[in-house]
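How does the following fold in three dimensions:
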Amino acid sequence: MSKIDRVLRSNLKLRHLQMLVALDQFRHLGRAAEFLSVTQPAVSKTLAEIENMFGLPLFERSTRGTEPTAAGASVVRFARSVLAGYERTRDEIAAEASGASGRTSVGAMVAATPVLLSRAVERLKARSSRTTVLIDEGDLTRLLPRLRLGELDLFVGRLEPAYASPDLETEPLYEDPMAAVVHPAHPLVKKRRPTWADIAAQPCVMPPPWASLRVKLEQQFFAHGLHPPADIIESAAFLSQITFMHQRGAVAFMAGTVARHYAQRGVVAALKLPVPVGLPPVGLITLRGQAMTPVTGLLVECLREVGKGLP
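This next block holds a predicted model:
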């Protein structure tokens, strides 16, 4: 057994892993110590102890704080993965002890949360009411690293091809084109055939500049001989979309299933304007080769059932 094997399998303790993750998170010995409720010298001593085990520096110290070395970043990823597995096992055992039926963690995009995921959770709860579902909303950039570390069991959202990877399993469930939406009292609601020129003249909530959807939407304006709206808020967050639709009379763009769901509840109104942007399907992403817990498997089954009836 090599030295590194021995360290990873036998020498590293839970407290070592927790300290490494805290130090990576805060990038400062003092703040990591405060978070862990220990002294700064204790953190320095523990870090030196771990580095001595590996025979490698794991963090570079400077007056500005600490930064992981290449080896340190690898060990931190290992630490996060082990701690995620520990927390999952702890929660599952605690759930069984309390009479519940387990716990699953899901990363979800806004396109999937209000309809697909919410209906699937309802089905799951009908079969196992005491099962706990933790939902973390965000985009692929933030959620896929957490899936890879084992902090999430499943991702639900748009299957952007740019994020395809050999370590990920993807499963498309349904196509969901975009819709332009406004406040129900917006003047454009009464217009029989609103145009892209009408949209360009309004305040708009647009996706952030790095989002593929932003480029596709701007191309629609250019295709109609228009410049994209000048009065914009950049956000992919649903709450921001709703807020600025209601406060500023802005136009926003959201998945068709989400738009219909909230239109039925009087929150938004979908404009009679096709939004012909090519989008990937909504579906599931799991980590290839990782066995699902029974409760995650049951949730996936419910997602598939709901997905068959959408959009």
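
Verify the contact between residue 286 and residue 154 for me.
Yes: between residue 286 and residue 154 there is a contact under C-beta atoms under 8 Å: 5.8 Å. Every residue, glycine included, has its C-beta placed from N, CA and C.

out of the two, which sits in the busier spot?
residue 154 (22 against 18; other C-beta atoms under 10 Å).

Just confirm the more buried one contacts residue 104, I think it does.
Yes: using C-beta under 8 Å, residue 154 is in contact with residue 104, at 7.0 Å.

Between those two, which contacts overlap?
Counting by C-beta atoms under 8 Å, 6 or more residues apart in numbering, the shared contacts of residue 154 and residue 104 are 296, 299.

how long is stretch 57-75 end to end?
11 Å (C-alpha to C-alpha, to the nearest Å).

One more: stretch 128-138?
This stretch, stretch 128-138, spans 26 Å end to end (C-alpha to C-alpha).

which of the residues in it are buried?
128, 131, 133, 137-138 (16 or more other C-beta atoms under 10 Å).

likewise stretch 74-94?
Those would be 75-77, 79-80, 82-84, 88, 91-92, for stretch 74-94 by 16+ other C-beta under 10 Å.

Please compute how far stretch 112-132 lies from its chain's middle.
Distance of stretch 112-132 from the chain centroid (C-alpha atoms, centre = their mean, to the nearest Å) equals 18 Å.

ah, wrong one, I meant stretch 180-195
On C-alpha atoms, centre = their mean, the centre of stretch 180-195 falls 31 Å from that of its chain.

ok, and what's touching that stretch?
198-199, 202, 224, 241, 245-246, 249-254, 259, 262-263, 266-273, 275.

Now tabulate the buried residues of stretch 74-94 in JSON lines and tack on distance to residue 5.
Converted to JSON lines, the buried residues of stretch 74-94 look like this (distance: C-beta to C-beta, whole Å):
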{"residue": "75", "distance to residue 5": "13"}
{"residue": "76", "distance to residue 5": "18"}
{"residue": "77", "distance to residue 5": "17"}
{"residue": "79", "distance to residue 5": "16"}
{"residue": "80", "distance to residue 5": "19"}
{"residue": "82", "distance to residue 5": "15"}
{"residue": "83", "distance to residue 5": "20"}
{"residue": "84", "distance to residue 5": "21"}
{"residue": "88", "distance to residue 5": "24"}
{"residue": "91", "distance to residue 5": "29"}
{"residue": "92", "distance to residue 5": "28"}
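
Torsion angles phi and psi at residue 202?
Backbone dihedrals for residue 202, given as degrees, to the nearest 10, come out at phi -100, psi 160.

actually residue 106, not the one I wrote
Dihedral pair for residue 106: phi -120, psi 130, per degrees, to the nearest 10.

So it sits against residue 136, correct?
Yes: counting by C-beta under 8 Å, residue 106 touches residue 136, with 7.1 Å between them.

Overlap in contacts, those two.
Residues within reach of residue 106 and of residue 136 at once, by C-beta under 8 Å, 6+ apart, are residue 152.

ranges for the helices of the stretch 101-250 of the chain?
For the stretch 101-250 of the chain, the helices defined by DSSP state H, counting those that start in this stretch cover 118-127, 140-148, 196-200, 212-223, 238-248.

what does the average pLDDT come to for the third one?
Within the predicted structure, the mean pLDDT of helix 196-200 is 97.

do stretch 123-136 as well
On average, stretch 123-136 scores 91.

pretty sure residue 46 is touching residue 18, no?
No: applying C-beta under 8 Å as the test, residue 46 and residue 18 come out as separate, 9.8 Å apart.

tell me what the helix or strand hosting residue 296 is packed against?
Counting by DSSP states H and E, the element that carries residue 296 is helix 294-307. Contacts defined by 3 or more C-beta pairs under 8 Å, 6 or more residues apart in numbering; DSSP states H and E place helix 294-307 against strand 103-108, helix 118-127, strand 154-158, strand 168-174, strand 282-287.

So for residue 8, which of the ones you listed sits nearest?
Residue 8 lies closest to strand 282-287 among the helices and strands packed on helix 294-307, at 19.9 Å (C-beta to C-beta).
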